[in-house]
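>>> sharing a model prediction with you, sequence too.
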Amino acid sequence: PVWLEPVMPNPLSARLARLALAAAIPLASALLASPPWWLTRALLASGRLVSPQRRLAAWDALQRRADQKARGSRRRVRVLLIRHGESEANLQAGQIVGGRDVATPLSATGEEQARLLGERLLRDGLRVDAVYASHAVRARKTADIACAAAAIRQRVRIEPRLVEFSQGSLERRWRAEVYAAGGPVLRGI
């Protein structure tokens, strides 16, 4: 520690001054760390000290303004998630179909649904930047028909991770059998 030696002619005065200085340093650092309530209240009232709640609110407002300013330069993104049209497997309502069955084609109704979807997209005037479909035949065909009807020129990008989840050993089995009392699903619960 650094000690300041006051120049005093009287030894008693010099000792008192050293004691006062030694006591003043911790007191000053304590005041700087956390001022007493009356000083805090006075500083808050004068506007020189801001409460933590007001400081957080001001920070939030600043971030909100910066975000709104940046939004003006960003392009809005709209993502459409569209299920494929009716497939041949959907015609057998009692059967479970899943992600491993990628070869099932669209039914005639499914092709009509895809065409109507394309007409709707055209009528809504949406600007399309990209079209993704799973590798399932029914999904690819739905995307192709809808894009043709909507005059969308982008090629359909095939993404195998978009396929529905697999039903495992339950695929192509009848729902009545799978969900029956004592069947594989209820047995596992």
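Yep, it's here.
>>> report the buried residues of stretch 15-22.
Neighbour-count burial for stretch 15-22 flags A17 (criterion: 16 or more other C-beta atoms under 10 Å). In this view, the C-beta of every residue, glycine as well, is placed from N, C-alpha and C.
>>> could I get the average pLDDT for that stretch?
For stretch 15-22, mean pLDDT is 71.
>>> likewise for stretch 92-99?
69.
>>> again, but for stretch 106-113
96.
>>> which residues does that stretch contact?
84-88, 90-91, 114, 137-138, 141-142, 145 (C-beta atoms under 8 Å, 6 or more residues apart in numbering).
>>> how about CSV for those, with secondary structure, distance to D60 and neighbour count added?
Shown next, in CSV, are those (DSSP: H, G, I helix; E, B strand; the rest coil; distance: C-beta to C-beta, whole Å; neighbours: other C-beta atoms under 10 Å):
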residue, secondary structure, distance to D60, neighbour count
H84, coil, 44, 24
G85, coil, 46, 24
E86, coil, 49, 19
S87, strand, 49, 22
E88, coil, 55, 16
N90, helix, 49, 17
L91, helix, 55, 12
A114, helix, 46, 25
V137, helix, 50, 17
R138, helix, 47, 27
K141, helix, 49, 20
T142, helix, 44, 28
I145, helix, 48, 21
